[in-house]
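Student: quick one: sequence plus predicted model below, questions after.
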Amino acid sequence: MSTRLTYGCHEHAKLPQEVVVAIQRILELNAENQNDPLDVLSDEFNPLDMLNQLFPDEASLTQLETVQARLSQHERDLQGEIDSLKEKLRHDQDPNRMQMIQEMISDLLGQMSRIREKATESEAVVRDITKDIQALDMAKKNLILSMTTLKRLQMLVNALTQLEDQAKEKRYGDVSQTLAVVKQISTFFKPYTSVHRINQVWRRAQQIQGEIRTQLEAEFDTFYLQDPAKPSKPAQIVDACAVADVLGHDVRTHLIDRYVTLELKEYRRIFRATDEAGHLDNISRRYAWFRRVLGTHELELGRVFPSEWKVEWALFTKFVVITRDDLVALLSKAGSSLTIQALLEALRQTIEFESSMAKKWLTPLNEILEASSPPSSPTVQLMSSAFEPHLGVFVDAQDKALADMLATHRASSSKGKPRTSLDATPRDSISTDADAATPQTVLSSSTELFYFYGQSLEQCSKLSTGQTLFDLCMVHKKWLRRYAEDVLAPRSKRPTVQTRRSLDSRFDVADLQQAALLINTADYCQTTALELEENIKEKIQDKFKEKVTLQAERDFAISVSITTLLRELESACEGAFTTMSRMSWEKLNQVTGQSSYVDDLTRAVESFCDIVKPLIQQKKYLRNFFDKACSLVLTKFTNAAVKSRPLREIGGEQLLIDLGVVKSYLMQLPGEALVTQGYTRGLTKSTTRLEALLKVIVTPVDPPEGFILNYTLLIGDASFSNFQKILDLKGTPKTEQNSLLDSFLTITSTKTDLDSTSFLSALDMDPPLTLSSPGSSRVTLPLSTTPIAGSDSIFASLGSPPLSGPPTGSSTDGSTSRGLEQKREVFDIRRFVTFGLRRSETLPTS
């Protein structure tokens, strides 16, 4: 193996980048084409690599003198090149040379100044030469403009004379053409009105236009109110319309308004609000009258108007304005005496009439009203909008109908079925009788509710898509929650009188069927409510779309139904945990394998889950149930262990064995198809904390230093009260606790890395054995979602999995668990057994 020369690296001065670039430019060096590493201007040059290149092995050291001579020659060449460059630089910086350059620059500036002066003189000479030519050009332009102006003035005077003659003879076809010419030529003379003669002609043109406008108004009045004995000529009115267009848009608008006013004059007289014909129940007569007038207009007078005038639109718009004002007055006057039948009938006829008009002209009514409204005034509103403030009676009627419809279901749900004692035992299947009826999938009341929702929504959308539809949506939202609270929730509550006479793990299969039916019903409600929400958003106006949501009501229905199953599971496990809480651990002399209550517990949970699995249709709710069931079992296990203290060392070892069995069983409980990473991770985290607690209890108190050190390693805090809890759980005598507490304070005072709290800080030393008891409402289960307001007991914290994301326990990033770490309860047993609490001082999560 060859021996490499090694040399220590040394610090070297770094050249600024701009200096390196300047050197490369002066010496004409190209860094990419440098073959010799010594010629490269870089801070990355390493002499060690260079020496290893020159002397790759020990034998190459014989060429040391040759290499040294070559390097010396290269150094002399570089020095010579440097000397030549210095000499050149000295020559370029000669003071005499710099002075000569400055003198040359001064001469150049002087020449430029002289050239500028000569150019100015040349421009003055040229301007003097062309002065006469410019004057002649200006005279030519003025002469041409004068001739053109006189010619146009002559044309204007002649056109005015012709226009007067044509207007007197009522030749409106010629008047429209001549008037257009007069107006076009008049615009040319507008800047010259200060000239007396031109001003006279201008004023004469304006006067003639005014006379023609007055003549047209009289002509149209005669046509509108024509005498049958002296009928007007339609062709003459058609030409008069062309003259009105030439006169301007205001003339056309005035003539149309005059016509519309005369046509609807009779309507105002007949359908006064004080007369019987103007009452709300005669609204159909209004629309029939307008259809007759519109038909007469299209067959007779309306045929003379140009189509672009849209006279029928103006006639309809004016009718809408008058009718809407009358409807507003009639509805306000009716007040509370207005019946829902009369209101809906009038609104239905109004909507049908408006739809027929839109269909007739193949144009949306909003566009018709906007096109016929004056530019300076707001757009006319539809007649049906007058009913909007009074449609509250319709919403109230729907509210009352829903209340009546659900009254019977609420009454039947509130009647609890007393639980029989031990006659109902868990079975592996619901029913094997071939003649048995097909089990009910969802409650019929839910289908009735949403059928009514669909009918009322369809009816309301035909009446209004604004505030009324939004108010109806709020009614639907209210009764969907009422349905969950008054129909689903009462069915989920257990009877207040328990007839159990033993502690065996028995449960009623009918109750489980009922609970599964509630979950399937809640799933139906959630899916159908989502469709209802989307349907409302499609129909409602844009300004209300963002306010329409039924998310909270959908989630509440699911949470109520899952709560039912958890109550039944708690009841099934009640016997096993009662036995556990009554164990005398201090009397144990040795560990004898798993305890008997563990078998009872696993059998009860397994039987329960075997019945529940085929009953629930959606797997996401099964996953949600298993997440919360795992939390429930671990919470009750912890409470029973605390309740059964003192534990002693042997009792702690026995509980460790029992916990391992329970953990192994819970790990396999959902099955391969339903187990998730979140479920496994949460279960492991909860049992790890409980194992840490039991390991501290198992540790002997002698020597005290070892016991306290083990506590700080496993629990990780310096809390005096938490250490006191450990001593109480171990059953340490009060006489020994004082010395141990003193030693704890002495040792932990030197350990500044310990925190003041841990998961033991939330451990309640007097927990309720039955979590669904009234006193246990403070408890929060692991893997729980947002607590549902109004729920009682431990199950208040059990929410439903969001439809937009994975089910509870299925998250792979632990986001569900982390969201709960920021919440604290008065009695937060989550600190000890929940999957959702995270603390910086706890052990890393697996």
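Tutor: Perfect, thanks for sending it.
Student: can you pull out the strands in the stretch 51-200 of the chain?
Tutor: According to DSSP state E, counting those that start in this stretch, the stretch 51-200 of the chain carries no segments that qualify as strands.
Student: go on, the stretch 601-750 of the chain?
Tutor: According to DSSP E, counting those that start in this stretch, the stretch 601-750 of the chain contains no strands.
Student: give me the neighbour count for the closest residue to Cys460 other than its chain neighbours.
Tutor: Computed as CB to CB, 6 or more residues apart in numbering, the closest residue to Cys460 that is not its neighbour in sequence is Leu472, at 4.9 Å. For glycine as for every other residue, the C-beta is placed from the backbone atoms N, C-alpha and C. Burial of Leu472 is recorded as 25 neighbouring residues (other CB atoms under 10 Å).
Student: host element of Leu472?
Tutor: In this structure, Leu472 sits in helix 467-483 according to DSSP states H and E.
Student: so which bits of that helix are buried?
Tutor: Counting neighbours by 16 or more other CB atoms under 10 Å, one finds that the buried residues in helix 467-483 are 467-473, 475-477, 479-483.
Student: what's next to that helix, contact-wise?
Tutor: With CB atoms under 8 Å, 6 or more residues apart in numbering as the contact definition, helix 467-483 has outside contacts at 388, 391-392, 394-395, 398-399, 402-403, 406, 409, 445-446, 449, 453, 456-457, 460-461, 525, 529, 532, 536, 539-541, 544, 547-548, 550, 552-554, 556-557.
Student: other SSEs contacting the longest helix along the chain?
Tutor: Secondary structure of the chain read by DSSP state H shows that its longest helix is helix 131-168. For helix 131-168, the packing partners by 3 or more CB pairs under 8 Å, 6 or more residues apart in numbering; DSSP states H and E come out as helix 172-189, helix 196-224.
Student: look up the closest residue to Arg252, ignoring the ones flanking it.
Tutor: Distances taken as CB to CB, 6+ apart put Ala244 closest to Arg252, at 5.1 Å, once the chain neighbours are dropped.
Student: oh sorry, the question was meant for Ser445
Tutor: Counting by CB to CB, 6+ apart, His409 is the residue found nearest to Ser445 once chain neighbours are left out, at 4.3 Å.
Student: ok, that neighbour to Cys473 distance?
Tutor: Applying CB to CB, to the nearest Å, one obtains 22 Å for the distance of His409 from Cys473.
Student: ok, which stretches of the stretch 1-150 of the chain are helices?
Tutor: Counting by DSSP state H, counting those that start in this stretch, one finds helices in the stretch 1-150 of the chain at the ranges 17-26, 47-54, 64-92, 95-129, 131-168.
Student: would you format the ones you listed as CSV with distance to His254 included?
Tutor: As requested, those are arranged in CSV below (distance: least, CB to CB, whole Å):
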stretch, distance to His254
helix 17-26, 81
helix 47-54, 99
helix 64-92, 91
helix 95-129, 60
helix 131-168, 18
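Student: where among these is average confidence lowest?
Tutor: Lowest mean pLDDT of these: helix 17-26, a mean of 75.
Student: that one: which residues count as buried?
Tutor: Buried residues in helix 17-26, defined by neighbour count with 16+ other CB under 10 Å: Val20.
Student: okay, it in PDB with CA atoms only?
Tutor: Output for helix 17-26, consisting of C-alpha atoms alone and laid out as PDB, is shown next (Å, rounded to 0.1, in the frame of the first residue of the first chain):
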ATOM      1  CA  GLN A  17     -15.100  37.800  -5.600                       C
ATOM      2  CA  GLU A  18     -14.900  41.100  -7.500                       C
ATOM      3  CA  VAL A  19     -11.100  41.100  -7.100                       C
ATOM      4  CA  VAL A  20     -10.900  37.600  -8.500                       C
ATOM      5  CA  VAL A  21     -13.100  38.500 -11.500                       C
ATOM      6  CA  ALA A  22     -11.000  41.600 -12.200                       C
ATOM      7  CA  ILE A  23      -7.700  39.600 -12.100                       C
ATOM      8  CA  GLN A  24      -9.200  37.000 -14.500                       C
ATOM      9  CA  ARG A  25     -10.300  39.700 -16.900                       C
ATOM     10  CA  ILE A  26      -6.900  41.500 -16.900                       C
END
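Student: quick check: angle from it to helix 64-92?
Tutor: Angle of helix 17-26 versus helix 64-92, following axes from the mean of the first three to the mean of the last three CA atoms, to 10 degrees, is 90 degrees.
Student: quick check, pLDDT for Val393.
Tutor: At Val393 the predicted local confidence, pLDDT, stands at 83.
Student: name the element it belongs to?
Tutor: According to DSSP H and E, Val393 maps onto helix 392-414.
Student: run the chain-centre distance for that helix.
Tutor: If you compare the mean C-alpha spot of helix 392-414 with that of the full chain, they lie 33 Å apart, counting by CA atoms, centre = their mean, to the nearest Å.
Student: now that helix against helix 467-483, angle please.
Tutor: Orientation check (the same axes, to 10 degrees): helix 392-414 against helix 467-483 gives 10 degrees.
Student: can you report how many residues neighbour Asp753?
Tutor: For Asp753, the neighbour count with other CB under 10 Å is 8.
Student: what does stretch 328-346 rub up against?
Tutor: In this structure, residues lying in contact with stretch 328-346 by CB under 8 Å, 6+ apart are 273, 278-281, 283, 327, 386-387, 389-391, 393-394, 397, 463.
Student: flag the shaky bits of the chain, pLDDT-wise.
Tutor: Of all residues in the chain, those with pLDDT under 70 make up the ranges 1-15, 27-44, 227-232, 410-440, 490-508, 511, 768-846.
Student: which residue is nearest the centroid of it?
Tutor: Glu546 (8.7 Å; CA atoms, centre = their mean).
Student: one step back: right, and the helices of the stretch 1-150 of the chain - which one's nearest Arg648?
Tutor: helix 47-54 (70.2 Å; CB to CB).
Student: I figured Leu225 hits Leu262, correct?
Tutor: Yes: between Leu225 and Leu262 there is a contact under CB atoms under 8 Å: 7.2 Å.
Student: out of these two, which sits in the busier spot?
Tutor: Leu262 (14 against 9).
Student: please report how far the more buried one lies from Leu301.
Tutor: From Leu262 over to Leu301 the distance is 10 Å, taken as CB to CB.
Student: quick one: common contacting residues for these two?
Tutor: Contact criterion CB under 8 Å, 6+ apart; residues shared by Leu262 and Leu301: Tyr224.
Student: what sits against Ile697?
Tutor: Leu647, Arg648, Glu649, Gly651, Gly652, Ile726, Leu729, Lys730.
Student: tell me where the stretch 401-550 of the chain has helices.
Tutor: Along the stretch 401-550 of the chain, the stretches classed as helices by DSSP H, counting those that start in this stretch are 444-463, 467-483, 489-492, 509-539, 542-545.
Student: dump these into TSV; add distance to Asp257 as well.
Tutor: Compiled in TSV, the helices of the stretch 401-550 of the chain are given as follows (distance: least, CB to CB, whole Å):
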stretch	distance to Asp257
helix 444-463	32
helix 467-483	33
helix 489-492	64
helix 509-539	37
helix 542-545	33
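Student: between those, which one is closest to Arg25.
Tutor: For Arg25, the closest of the helices of the stretch 401-550 of the chain is helix 542-545, at 66.1 Å, according to CB to CB.
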